[in-house]
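Student: sequence and predicted model, in that order:
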Amino acid sequence: MIEVTVGDTGGHNGTEVQEAIAGAMEAQFGTNASDNPTFFYHLGDVIYFNGQSEDYPTQFYEPYQYYPAIIFAIPGNHDGDTSVRPNDPPDTEPSLYGFIQNFCATQRTPISAYRDAMTQPYVFWTLKAPFVTIIGLYGNVDGTLDGPGAAAQHQWLAEQLAQADTSTCIIVAVHQPPYSLDTTHCGYPYIGAAIDQAASAANVWPDAVFSGHVHNYQRFTRHVELADGKTKDIPYIVAGAGGYANKAQRLHKMQKDGDGDPPAPLPFNTTQQGVQLDSYNDWEPGFLRVTVTPERMKTEYYTVTFDDQLVDQFDVMTLDHRNGSINP
C-alpha cells in the first residue's frame with residue numbers, strides 16, 4: 001500500500017506552487033500499477049482562510065484535477081475557522097461546513113467537474129486499508145481536540161486504538177503537530193498528551209504520527225517506554241509545506257540558538273525527554289510518500305524548488321512497525 005500525504009495546500013496566495021507539487025505527485029504514477037499511490041491523505045488546511053465552500057474549486061478541485069487517486073482528508077484549523085480577518089468578507093457558513101459538504105457527504109455525488117464528494121463518516125474518522133490503519137483526528141481551531149473539559153474525541157481515540165489491528169501499521173494523523181521546532185507555531189503538547197493518554201488507556205501505541213500546520217518538513221523520533229518494559233521508536237513527521245507557502249518567506253523557519261545557528265548536528269536532542277529531531281527542511285515545499293508493507297513503513301520526502309520546480313528526494317526513513325525500530 002502506497003499513499004501520499006501533505007497538509008496546508010490551500011492556494012490562497014496563488015496556486016503555482018500547489019500545482020507544481022500536485023504535478024510532482026501525479027508524476028509518480030506510471031505503468032507499473034503496484035508502484036502507484038493508492039490514495040492521497042490530506043493533513044488539513046485544505047482551504048484558506050476560513051474553509052468556505054466557494055473556495056474549493058480554485059484551491060482544491062482545480063489544482064488536483066489530474067490527480068488520479070482518491071483523496072481523503074482531515075480538517076485543519078483554517079477549515080474550521082470562522083474568524084473574520086481584516087479586509088475579508090464576513091463568513092456565510094458555520095464552522096466546518098465546507099469540509100463536511102466536500103469530504104463527509106452522505107453519498108458519492110459529483111461536486112465538481114473533476115471529482116465526486118467523499119463520504120467519510122465524520123471530521124475525525126478511521127481509515128482501514130491493507131497493512132495500515134489511519135486514525136484521523138480533528139485538532140480543532142485552537143489545537144485542543146474537543147476543547148478544555150470535553151472528552152468525546154479523547155475517548156473515541158482510545159477506543160480506536162484498542163480496536164485497531166495491531167498487525168497493521170497504526171498511524172495517528174492530526175493537523176497540529178505534537179512536536180515542532182519552528183518559530184511560528186511550535187508543538188501542541190495538549191494534543192501530544194491526549195494521544196499518550198489514549199495509548200496508555202488502550203495499551204496500544206501508534207506506530208507513527210503525521211501532522212501538518214507548520215509550513216515546513218520535520219521528522220522526529222520519540223523513544224517510548226512501554227508498560228511491558230520494552231521500548232518503541234515512534235516517528236513524528238510534520239509535512240505542512242503543501243503549497244500555501246508559495247514563496248520561501250512564507251515557510252516557517254526553524255528555531256536558532258544564541259549564535260544564530262539552526263538545530264545541529266542531526267540527530268538533535270530536544271528538550272522533550274526521549275524526543276530527537278532527525279531531519280528538517282524549512283527552505284523548500286514538498287510532499288511525503290509513504291509505502292507500507294506487512295513488516296515496514298517507508299517514508300520519502302520529496303521537495304519541489306520554488307524557482308525551476310525541480311523535484312528531489314530529500315529524506316528517507318524505514319520503520320519496522322512490528323518491533324518499533326527505525327532505520328534512517
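Tutor: In hand now; what should we look at?

Student: packing partners for the host helix or strand of Thr299?
Tutor: Here Thr299, judged by DSSP states H and E, is contained in strand 296-304. Strand 296-304 is packed against helix 16-26, strand 217-225, strand 231-239, strand 275-281, strand 286-292, strand 311-320, with contacts defined by 3 or more Cβ pairs under 8 Å, 6 or more residues apart in numbering; DSSP states H and E. In short, each C-beta sits where N, CA and C put it, glycine included.

Student: and if we set it to 7 Å?
Tutor: Counting contacts by 3 or more Cβ pairs under 7 Å, 6 or more residues apart in numbering; DSSP states H and E, strand 296-304 is packed against helix 16-26, strand 286-292, strand 311-320.

Student: quick check: buried residues in that strand?
Tutor: Going by neighbour count (16 or more other Cβ atoms under 10 Å), the buried part of strand 296-304 is 296-297, 299-304.

Student: now, which of those residues sits nearest Pro178?
Tutor: Checking those against Pro178 with Cβ to Cβ, the nearest one is Thr299 at 17.1 Å.

Student: how about that closest one: what's its closest non-neighbour residue?
Tutor: Met317 (4.9 Å; Cβ to Cβ, 6 or more residues apart in numbering).

Student: list the contacts of the one you found.
Tutor: Contacts were defined as Cβ atoms under 7 Å, 6 or more residues apart in numbering; by that measure Met317 touches 219, 235, 299, 326, 328.

Student: which ones are touching Met254?
Tutor: Met254 touches 181-182, 262-263, 280, 282, counting by Cβ under 7 Å, 6+ apart.

Student: buried subset of these, written for PyMOL?
Tutor: In PyMOL, this line selects whichever of these come out buried by 16+ other Cβ under 10 Å:
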select buried, resi 181+182+263+280+282
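
Student: ok, of the contacts of Met254, which one's closest to Asp35?
Tutor: Out of the contacts of Met254, the member with the shortest distance to Asp35 (by Cβ to Cβ) is Tyr280, at 27.4 Å.

Student: please consider this matter closed, and thank you.
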